[in-house]
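Participant: Fold the following and give me the result.
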Amino acid sequence: MSITRKDRVVWAEIPVSDMARAKGFYAGLLGAPLVDETGGPNPLAMLPRDGDDVVGGHLYPGTPAAKGSGPTIHLAVSCDLEAAMERVRTGGGEVVSPVVTIPAGSFFYALDTEGNSVGVFKV
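Facilitator: Numbering: from 1, shown residues only. Now for the predicted structure:
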């Protein structure tokens with residue numbers, strides 16, 4: 001099946017050194033379980049998404065960039081940002097900025113359990 005896309009960002013891959021720990025972090029932050037995929041060359045954990053026609057991503061076994069130095073993946077949460085900050089901390093991550101407000105909404109920066117940079121955006 002081929003999907004015609006109009007957006008330019010089509011997928012996100014997040015390298016993790018400890019799959020179980022990272023899956024727990026992202027499931028807690030996003031409030032939904034990650035789904036394991038084993039049909040390719042590497043085991044993957046799919047981030048939750050609503051349908052095949054939206055941008056998605058997965059965790060994969062890899063070497064993250066040095067703490068906070070790689071690209072930033074922005075993820076949407078439905079809870080308020082203060083609750084999301086607590087989810088980051090409870091899950092073993094680190095909140096690294098206050099809430100930032102821009103015309104499109106509000107978000108904050110965090111580091112996941114692997115040191116990857118994550119923007120947590122309120123939808």
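Participant: Got phi/psi on residue 24?
Facilitator: phi -60, psi -40 (degrees, to the nearest 10).
Participant: That one contacts residue 91, doesn't it?
Facilitator: Yes. In terms of CB atoms under 8 Å, residue 24 counts as a neighbour of residue 91; the distance is 6.5 Å. C-beta coordinates here come from the backbone N, C-alpha and C atoms, glycine included.
Participant: Could you tell me which residues touch both of the two?
Facilitator: residue 113 (CB atoms under 8 Å, 6 or more residues apart in numbering).
Participant: Nearest residue to the middle of the chain?
Facilitator: Nearest to the geometric centre of the chain sits residue 75, at 5.2 Å (CA atoms, centre = their mean).
Participant: mind checking pLDDT for that one?
Facilitator: Predicted confidence (pLDDT) for residue 75: 95.
Participant: Could you list the low-confidence segments of the chain?
Facilitator: The model of the chain has pLDDT under 70 over residues 1-6, 53.
Participant: What are the boundaries of the strands in it?
Facilitator: 11-16, 35-37, 44-46, 56-61, 72-77, 94-95, 100-102, 105-111, 117-122 (DSSP state E).
Participant: Same list (those strands) but as a markdown table, adding distance to residue 84.
Facilitator: Shown next, in a markdown table, are these (distance: least, CB to CB, whole Å):
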| stretch | distance to residue 84 |
| --- | --- |
| strand 11-16 | 17 |
| strand 35-37 | 21 |
| strand 44-46 | 20 |
| strand 56-61 | 18 |
| strand 72-77 | 5 |
| strand 94-95 | 9 |
| strand 100-102 | 13 |
| strand 105-111 | 8 |
| strand 117-122 | 5 |
